[in-house]
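1. the sequence and its predicted three-dimensional model are supplied below.
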Protein chains: 2
Amino acid sequence: MKFGGTSVADLDRIRRVGRLVAAEVAAGKRVAVVVSAMAGKTNELVAWTDGAGAAAQGLPASDDEYDMVVASGEQVTAGLLAMTLRNMGLRAKSWLGWQIPIITDEAHGKARIDEIPPEKLAAAMDAGEIAVIAGFQGVTRDGRIATLGRGGSDTSAVAIAAALDAACDIYTDVDGVYTTDPRIESKARKLARISYEEMLEMASLGAKVLQTRSVELAMSQHVPLRVLSSFVEPGEESGHSSEGKGTIVCDEEEIVEKRIVSGVAYSRDEAKISLFGLPDTPGVSSKIFGRLADANVNVDMIVQSHARSEGAANMEFTVGKRDAGRTIEILRAAQAEIGFEDAQLNEDVAKVSVIGVGMRSHAGVAKTMFTALAEKGVNIQVISTSEIKISVLIDAAYTELAVRALHAAYGLDQL
Amino acid sequence: MKFGGTSVADLDRIRRVGRLVAAEVAAGKRVAVVVSAMAGKTNELVAWTDGAGAAAQGLPASDDEYDMVVASGEQVTAGLLAMTLRNMGLRAKSWLGWQIPIITDEAHGKARIDEIPPEKLAAAMDAGEIAVIAGFQGVTRDGRIATLGRGGSDTSAVAIAAALDAACDIYTDVDGVYTTDPRIESKARKLARISYEEMLEMASLGAKVLQTRSVELAMSQHVPLRVLSSFVEPGEESGHSSEGKGTIVCDEEEIVEKRIVSGVAYSRDEAKISLFGLPDTPGVSSKIFGRLADANVNVDMIVQSHARSEGAANMEFTVGKRDAGRTIEILRAAQAEIGFEDAQLNEDVAKVSVIGVGMRSHAGVAKTMFTALAEKGVNIQVISTSEIKISVLIDAAYTELAVRALHAAYGLDQL
């Protein structure tokens, strides 16, 4: 069971988490719980590390001392939840990354888990103890605290489930994975099951239910994953434990009722860069994207087109909105060398995507998308596709309209 | 160098601490720094543990989970100070209790340090690193975080100094040990030196400069101790490093200029219990104080007197103010068995003490005290003495008057 920051934001919520844990124990399960820091605490700690000098030098705040500071938030929650469980008459013990140990590499601030020897944790659980584990943190081989990057508690939970050969339930502020954002489309339906691949695309395309890395890890380690709500009391809805609730994330083969499209995602976090009048010669793309890669700018959608004038091309691509200003500066500084005539930035764009493993075997998915958008008068600026998703970049003002049109076009309203 | 909570209360103060550390390093010293939690943080954490259930059950919040939570405060400060030092161009690394390790017993919430293997710490310092150590915490032999009790960072600092065969400078919000509280007596003087024994009495009698246990440890381990202010910039007053500042706490033999009385301390934290009409028979005291010891109530001053009526006695003693109500309840519940006629509680009392190793060899110290108080019309309710101190219990309203009278009577104004 993993609980995020909003689920443990104060003592009342920690007590509710305690009751949810107790219900699972009462249902005969052996439970390990992974917790995030109380909502807002990590931001407070990060702000202090900024103030302590890292930000002042423009450096990424990601050394071992940054990790020493920010890892303390999860430590507090783990202790408080273990106390709460004990006061409910249950046996519980908190665990920090170094106590298990969760061994990571030395990439402080965004460390990857190398290994979790499960012996100590399993022995405690075999002895009847609920293990309450501080998420987001591990320890390097030379004994320094390391953190896994924002949202890393999801990854902690999946990695621990893999080490214990257990299933992983991610409790969050929504009660499952929806066909689209219910705040935009009230007809959005909760999915009973979704495949790892689809969840992965949804996560990377803007649905903020799970951290991308945690889904990758669950897929590669075959950890049965479930998303469900922490904002209910045990016993509400069906049964006393969590049986049958939420959305299960699993292998494609385990989904009986196949759909062509499982969901519609959107993101307003990207910006479009347009370069006009590029020389139509080999090597120009590598000049552009080489520079951006050197500056650690991630580029997403890319389209190249030939201009009307002979021997010239245009290029459009998207980057994260927070990198947009920097990207334009980098390009303008290299304008002479790259040889473009004009560069434009458009931050007023949204990426809308349809995701579904059924696309692999069904033709006509793209056509349905383009037709639905055309009928609503939505102009498509850039298109990109993968095996199981199609994304389009559109004017941001049309986001909700496009999401609703696509949700209807693929019949997701009637799931 | 040890810095308490008010010295590291915010990032500005942590930067000032950084400059004080840098000045010592520049003066050629190898430095280990012990830090407390930022002022207020430990209280916040303790309040959460209360809310998480311990207080609700009336239990002392002192298990391993309590320690897990409250130890996080020092972790944050240690990381922030190490970052600050690095950003000043110095080499520094933070250390938690388990990383050194500081091995304690298993008395969570008030653990005692068993052992500090100095090898790792010494190796890092030999390699030119400033060691920034989270105070207040250690680790049990089975790998659980343990805290040393309130003010425990002083003890951490002295224990680490002992392990490293180093001197220990305690930086606080006063610039040394004074002959009495300067807020009461503006003529109070800073002492250049004070003996461990005197410091110990001062600490236990209400002067809140150092934790009692830390002074005991410094005395037994022969750690040269110094108290000085963190609220100055390096280079202010004399020199650039801390040479010659503050008050040195040392063996009596190292103090050249002996004084009969070194200081006047006071405490308003005690309450007086009076029992009237006790049977004047053997065993009555053990009935009373046996019960209080069983309930973990510490009794301080005790006076027994015979009443006028034949075969009856009265008893007066003091307990900590927070234990007072409980003490009266315990006694009343056992009234029949103990056999007293009436029990009274007086919380409106203060204990005023004069301390000095010179008392051992000088007669007339008590007479000076009683005369000075009598001249000001201060009535003495209870008297207790040790080899190097005399304490009197008086009406709390006379506290300041008594402190000033005694300060003058022993010539402390003219040090």
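-> The structure has been received and is ready for your questions. None of these values were measured; they are calculated from a predicted model. Residues are numbered from 1 along each chain as shown, chains lettered A, B, ... in the order given.

2. residues in contact with A:I130?
-> By CB atoms under 8 Å, 6 or more residues apart in numbering or on different chains, the contact list for A:I130 reads A:V21, A:V25, A:V31, A:A32, A:V33, A:A82, A:L85, A:L90, A:R91, A:A92, A:K93. Placement of C-beta: from N, CA and C, glycine included.

3. buried only: go through those for me.
-> In these, burial by neighbour count holds for A:V21, A:V25, A:V31, A:A32, A:V33, A:A82, A:L85, A:L90, A:A92, A:K93, counting by 16 or more other CB atoms under 10 Å in any protein chain shown.

4. which one of the contacts of A:I130 is nearest to chain B?
-> A:A82 (4.5 Å; CB to the nearest CB).

5. hang on, the closest one is in a helix, isn't it?
-> Yes: looking at A:A82 with DSSP: H, G, I helix; E, B strand; the rest coil, it is inside a helix.

6. my guess is it contacts A:L96, does it?
-> No: in this structure, A:A82 is not within contact of A:L96 by CB atoms under 8 Å, at 11.4 Å.

7. what's the overlap in contacts for those two?
-> By CB under 8 Å, 6+ apart, the residues touching both A:A82 and A:L96 are B:M68.

8. how about the residues of the stretch 51-200 of chain A near chain B?
-> When proximity is defined by CB under 8 Å from any CB of the partner chain, the stretch 51-200 of chain A lies next to chain B at A:51-54, A:56-57, A:63-69, A:71-73, A:75-76, A:78-84, A:86-88, A:93-94, A:96, A:98-99, A:143, A:145.

9. so which of the buried ones among the contacts of A:I130 belong to strands?
-> Among those, the members found in strands (DSSP state E) are A:A32, A:V33, A:A92, A:K93.

10. quick one, what contacts the last one?
-> A:K93 is in contact with A:A82, A:A124, A:E129, A:I130, A:A131, A:V132, B:D64, B:E65, counting by CB under 8 Å, 6+ apart.

11. could I get those in CSV, plus columns for distance to A:A372?
-> Shown next, in CSV, are the contacts of A:K93 (distance: CB to CB, whole Å):
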residue, distance to A:A372
A:A82, 51
A:A124, 54
A:E129, 54
A:I130, 49
A:A131, 48
A:V132, 47
B:D64, 59
B:E65, 55
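
12. out of the residues of the stretch 51-200 of chain A next to chain B, which are buried?
-> Looks like these have A:51-54, A:63-69, A:71-73, A:75-76, A:78-84, A:86-87, A:93-94, A:96, A:98-99, A:145 buried, using 16+ other CB under 10 Å.

13. can you check the pLDDT for A:G358?
-> On pLDDT, A:G358 comes in at 86.

14. on the three-state scheme, it is what?
-> helix.

15. my read is that it contacts A:R259, right?
-> Yes: counting by CB under 8 Å, A:R259 is a contact partner of A:G358 at 5.6 Å.

16. neighbour count: the two, which is higher?
-> A:R259 (20 against 17; other CB atoms under 10 Å in any protein chain shown).

17. one step back: sitting in helices, which of the residues of the stretch 51-200 of chain A next to chain B do you find?
-> A:64-69, A:72-73, A:75-76, A:78-84, A:86-87 (DSSP state H).

18. so what sits opposite A:A134 in the bridge?
-> A:V35 (DSSP bridges).

19. what about it, how many neighbours?
-> 32.

20. my read is that it contacts A:V8, right?
-> No: when contacts are counted by CB under 8 Å, A:A134 is not listed as touching A:V8 (11.3 Å).

21. which neighbours do these two have in common?
-> Counting by CB under 8 Å, 6+ apart, the common neighbours of A:A134 and A:V8 are A:V35, A:T77.

22. and the pLDDT for A:G206?
-> For A:G206, the pLDDT comes out at 70.

23. same question but for A:T84, I mixed them up
-> In this model, A:T84 is scored at 95, pLDDT.

24. and A:L401, what helix or strand is that in?
-> Per DSSP states H and E: A:L401 is located in helix A:399-409.

25. nearest residue to A:E387 other than its sequence neighbours?
-> Distances taken as CB to CB, 6 or more residues apart in numbering or on different chains put A:R360 closest to A:E387, at 5.9 Å, once the chain neighbours are dropped.

26. gap between that neighbour and A:E44?
-> A:R360 sits 45 Å away from A:E44, going by CB to CB, to the nearest Å.

27. of the buried ones among the contacts of A:I130, which is the nearest to B:H222?
-> Of all those, A:K93 has the smallest distance to B:H222: 39.4 Å, by CB to CB.

28. how far off helix A:72-87 does the strand or helix carrying A:A163 point, in degrees?
-> If you go by DSSP H and E, A:A163 is part of helix A:152-164. Relative orientation of helix A:152-164 and helix A:72-87, computed by axes from the mean of the first three to the mean of the last three CA atoms, to 10 degrees: 60 degrees.

29. now do helix A:152-164, average pLDDT.
-> Averaging pLDDT along helix A:152-164 gives 96.

30. which secondary structure elements does that helix sit against?
-> Helix A:152-164 is packed against strand A:2-3, strand A:32-35, strand A:113-115, helix A:119-126, strand A:137-139, strand A:168-172, helix A:212-221, with contacts defined by 3 or more CB pairs under 8 Å, 6 or more residues apart in numbering or on different chains; DSSP states H and E.

31. hmm, back to that, how far off centre is the helix holding A:L401?
-> Remark: helix A:399-409 is offset 22 Å from the chain centroid, using CA atoms, centre = their mean, to the nearest Å.

32. likewise stretch A:299-315?
-> Centre-to-centre, stretch A:299-315 and its host chain are 32 Å apart (CA atoms, centre = their mean).

33. distance between the ends of that stretch?
-> One end of stretch A:299-315 sits 13 Å from the other (CA to CA, to the nearest Å).

34. same deal with stretch A:283-302?
-> End-to-end span of stretch A:283-302 (CA to CA): 16 Å.

35. could I get the buried residue list for that stretch?
-> By neighbour count on 16+ other CB under 10 Å, the buried set for stretch A:283-302 is A:V284, A:I288, A:R291, A:L292, A:V297, A:V299, A:D300, A:M301.

36. JSON lines for these, including pLDDT and distance to B:K190?
-> Formatted as JSON lines, the buried residues of stretch A:283-302 follow (pLDDT from 0 to 100; distance: CB to CB, whole Å):
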{"residue": "A:V284", "pLDDT": "86", "distance to B:K190": "75"}
{"residue": "A:I288", "pLDDT": "92", "distance to B:K190": "69"}
{"residue": "A:R291", "pLDDT": "92", "distance to B:K190": "63"}
{"residue": "A:L292", "pLDDT": "92", "distance to B:K190": "63"}
{"residue": "A:V297", "pLDDT": "89", "distance to B:K190": "59"}
{"residue": "A:V299", "pLDDT": "91", "distance to B:K190": "65"}
{"residue": "A:D300", "pLDDT": "89", "distance to B:K190": "66"}
{"residue": "A:M301", "pLDDT": "91", "distance to B:K190": "71"}
